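**Q** requesting a structural model of the entry that follows:
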Amino acid sequence: MFTGIIEDVGTVKSISRGQSSAIFTIQSQKILTDVSVGDSIAVNGVCLTATSLGTDTFTADVMHETLNRSTLGTLKSGSYVNLERAMAADGRFGGHIVSGHIDGTGVITDIKPDDNAVWYTIKADESIIRLIVEKGSIAIDGISLTVAYVDDNVFKVSIIPHTLKETVLSYRKKGDSVNLENDIIGKYVERLLTFKESHKEKKGLRMSTLIENGFM
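**A** The predicted structure is shown next:
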């Protein structure tokens, strides 16, 4: 589990591509002092497993499914990436629950300065938009952010200077794709309200559904 609080901006040193998978070598100056082989590291919001460690690098295997469903397939040597280690049990929970399992990607359609902040408008598929709520949380390239606006096609976030400085958002431009992960609570609620029981689909909020799932 992650929190969406980025610890370092790393650099892709090399990518060894197979027929449908890849091995990434990523450099980091901050997060590897207490990382072991087998630990989870979120790379632009995608949970990867460290398979080997160097002095200031780690490698991770990236499977076909991950390359297809995220922006990792578009990275190249020299690309900057957000990095976060899995949350420590004694750490501060500064962001929100982030699993590192990307729901899809979105496209930045507008970037607009607003005094000391910057507004990012992101277009996403309906499957992602329907689970976004205003003032709720979303992870963009692994960054825990608050949704300031949402409609049927786009959502907006307002980024403070510190976040721009400490993440790869400062390198993003209009037309770039970003990884998106919806709030996991919303995904579970949707599943509970639309699951199939006895081969008959139940839709909508029912008192029986709440009771059966321990909410009453």
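**Q** which secondary element of the chain has the worst mean pLDDT?
**A** Across the helices and strands of the chain, the lowest-confidence element by mean pLDDT, DSSP states H and E is strand 200-201, at a mean of 52.
**Q** buried by neighbour count: which residues of stretch 155-168 qualify?
**A** By 16 or more other CB atoms under 10 Å, the buried positions in stretch 155-168 come out as 155-159, 163, 166-168. C-beta here means a position set from N, CA and C on the backbone, and glycine is covered the same way.
**Q** average pLDDT for the helix ranked longest in the chain?
**A** If each helix of the chain is counted by residues according to DSSP state H, the longest one is helix 184-194. Regarding helix 184-194, the rounded mean pLDDT is 84.
**Q** remind me what that helix packs against, helices and strands.
**A** Under the contact criterion of 3 or more CB pairs under 8 Å, 6 or more residues apart in numbering; DSSP states H and E, helix 184-194 touches no helix or strand at all.
**Q** which residue ranges of the chain form helices?
**A** Remark: helices of the chain, listed N- to C-terminal, are 64-69, 126-129, 161-166, 184-194, 207-212; assignment by DSSP H.
**Q** reformat these as TSV; add distance to Ser40.
**A** Supplementary listing: the helices of the chain in TSV, determined by distance: least, CB to CB, whole Å:
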stretch	distance to Ser40
helix 64-69	13
helix 126-129	23
helix 161-166	20
helix 184-194	16
helix 207-212	33
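**Q** list the contacts of Gly45.
**A** With contacts defined as CB atoms under 8 Å, 6 or more residues apart in numbering, Gly45 is in contact with 70, 82, 98, 100, 102, 139-143, 179, 181.
**Q** hmm, try it at 6 Å
**A** Listed by CB atoms under 6 Å, 6 or more residues apart in numbering, the contact partners of Gly45 are 139, 141-142, 179, 181.
**Q** quick check: the two most widely separated of those residues?
**A** Pairwise distances among the contacts of Gly45 were taken by CB to CB; the largest, 9.5 Å, belongs to Asp141 and Glu181.
**Q** now the buried residues of stretch 155-168 as a markdown table including pLDDT?
**A** Below are the buried residues of stretch 155-168 laid out as a markdown table (pLDDT from 0 to 100):
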| residue | pLDDT |
| --- | --- |
| Phe155 | 98 |
| Lys156 | 98 |
| Val157 | 98 |
| Ser158 | 97 |
| Ile159 | 96 |
| Thr163 | 96 |
| Glu166 | 96 |
| Thr167 | 97 |
| Val168 | 97 |
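**Q** now render the residues you listed as CSV, adding distance to Leu75.
**A** Supplementary listing: those in CSV, determined by distance: CB to CB, whole Å:
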residue, distance to Leu75
Phe155, 24
Lys156, 25
Val157, 22
Ser158, 26
Ile159, 21
Thr163, 21
Glu166, 19
Thr167, 15
Val168, 11
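**Q** got any ranges where this protein has weak pLDDT?
**A** In the predicted model, the chain carries pLDDT under 70 at residues 196-207, 209-210, 213-216.
**Q** could you pull out the strands in it for me?
**A** If DSSP state E is used as the criterion, the strands of the chain fall at 8-17, 22-27, 40-43, 46-53, 57-62, 80-85, 104-114, 117-123, 137-140, 143-150, 154-159, 177-182, 196-197, 200-201.
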